[in-house]
Every structure is written in C-alpha cells, then in structure tokens.
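>>> Need a 3D model of the sequence below.
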Amino acid sequence: MYKVFVNDKPLFLTNHISKETDFQLFLLESIDIEQLIIKIFQNKIQKAYLYHPDESVIMKTLKAKIPVAKAGGGLVYNKKGEVLFIFRNGKWDLPKGGIEKGEEIQETAMREVEEETGVNGLTISHKLQKTYHIFRRNGKYKLKITHWFEMQSDFEGTPQGQLEEGIEKVAWMNPEQIKEALKNSYENIKLLFEEEKLLK
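Numbers count the residues shown, from 1 in each chain. The predicted model follows:
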C-alpha cells in the first residue's frame, strides 16, 4: 500500500478492500483522480482508499495525471543521538528539497540538509522509505516524492536556518522533544519516525 498525503489527509493506494473503515473507497477504473484530489483539498473528503488489484498501476496512473517533483531529505543524528529539525510555515519538519539537474538523490538530500540548516560533516548511514504528498502551487497539483536518508553528523556549531526558504528555527531534539514536535508536524514526517521506531 502506498500512503499519499493530500493536504495532510491520507489517500491510500491499495489492492486490499477492508470492510470496516471510515475511509471512502474509490475504484481506479471509475474515478477521475484529479477530481478526487480537488475534493480532498476542499475538505469534502477526509480520507480515502483508491483501489485497484495492482497497486503499482494506481501509482503509475497517478504519476501520469500529476507532474512529479522529486526531492531528497535527511533524518540527521548528532553524536548525542539527537535529531535535526527545522521550523517552517508554523510546523516542525525535516530538511529536504528538490533535486537539481545532474544530481544523485543522495547528493540532493545532503546538499539540502546543509543549505537549510548549516549542518555539515554529514554521512549517510542508510536509505529510509520514500514519502508521497500532493501539494498545489500556482493553481497546479504536483506529486512530491521525497527520498529520505538517515544521516550522521559530527557538526559541533550552531545550526542556522536558511531564511530565504522561510526556515525560522533549527533545533537538535532528544526523544522527548521529538514527541512534542511531532504533535505539530506533517503526517509524512510521523511515518519516518514510526519506521525508525522512535515513536513508542
């Protein structure tokens, strides 16, 4: 199952129908995906399943209908085991950004972490899951696919938020602070921490 967040509301692409659920169910064959996304954006639908026997067909169809923006980001640990967060648009987030021409996605992720936070001395320990969300810019919908990497840093200085990217604060957080920050974060970011088993 793919979890795609539309305006932070879940649209799950699935090949499995669950009977007991408060999700609305739509069949790929009989739904206009763009209309469905617009309804979610307008708060007419809170959560939905999009069904087809082959999940990859749903993802292919979605990518064919909506332009894809590819991004890379980092879940960065320091020597104390704290995680690097940024505060932007009133929410706690992780550093990430769009891929540039000729870049490998790992390079994108490391470059974006460094640009957005000033934190360097980064090494990638392993690849995490991809996250999917649909956003609207200049009246057009885009599917952002973010490739996440767990990183380590031996950075000792004070992180600096990239002001032109609207980053107001950068902070290293311990597990207690992370729990608090995730109450005011995005669903995709929470997914990464569930994967990392940092949310007990």
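>>> Bridge partners for the residue nearest to residue 46 when sequence neighbours are not counted, pull those for me.
Leaving out its chain neighbours, the residue that sits closest to residue 46 by C-beta to C-beta, 6 or more residues apart in numbering is residue 9, at 5.9 Å. (Glycine included, C-beta is placed from N, CA and C.) Beta-bridge pairing of residue 9 under DSSP bridges involves residue 6.
>>> got it, and residue 148?
Counting by DSSP bridges, the residues bridging with residue 148 are residue 73.
>>> Which residues are in contact with the residue nearest to residue 46?
40, 45, 46, 47 (C-beta atoms under 8 Å, 6 or more residues apart in numbering).
>>> Can you select the buried ones among those residues for me in PyMOL?
Remark: buried members of the contacts of residue 9, expressed as a PyMOL selection using 16 or more other C-beta atoms under 10 Å:
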select buried, resi 40+45
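>>> got CSV for the contacts of residue 9, with distance to residue 65 too?
Compiled in CSV, those are given as follows (distance: C-beta to C-beta, whole Å):
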residue, distance to residue 65
40, 14
45, 17
46, 21
47, 20
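>>> now the strands for the chain?
Ranges of strands in the chain, per DSSP state E, are 2-6, 9-14, 24-27, 48-51, 68-77, 83-88, 91-93, 96-98, 122-137, 140-153, 167-173.
>>> Adding mean pLDDT, write those out as a markdown table.
Rendered in a markdown table, the data for those read as follows (pLDDT from 0 to 100):
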| stretch | mean pLDDT |
| --- | --- |
| strand 2-6 | 95 |
| strand 9-14 | 94 |
| strand 24-27 | 92 |
| strand 48-51 | 94 |
| strand 68-77 | 97 |
| strand 83-88 | 98 |
| strand 91-93 | 98 |
| strand 96-98 | 97 |
| strand 122-137 | 95 |
| strand 140-153 | 96 |
| strand 167-173 | 97 |
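>>> Thank you, goodbye.
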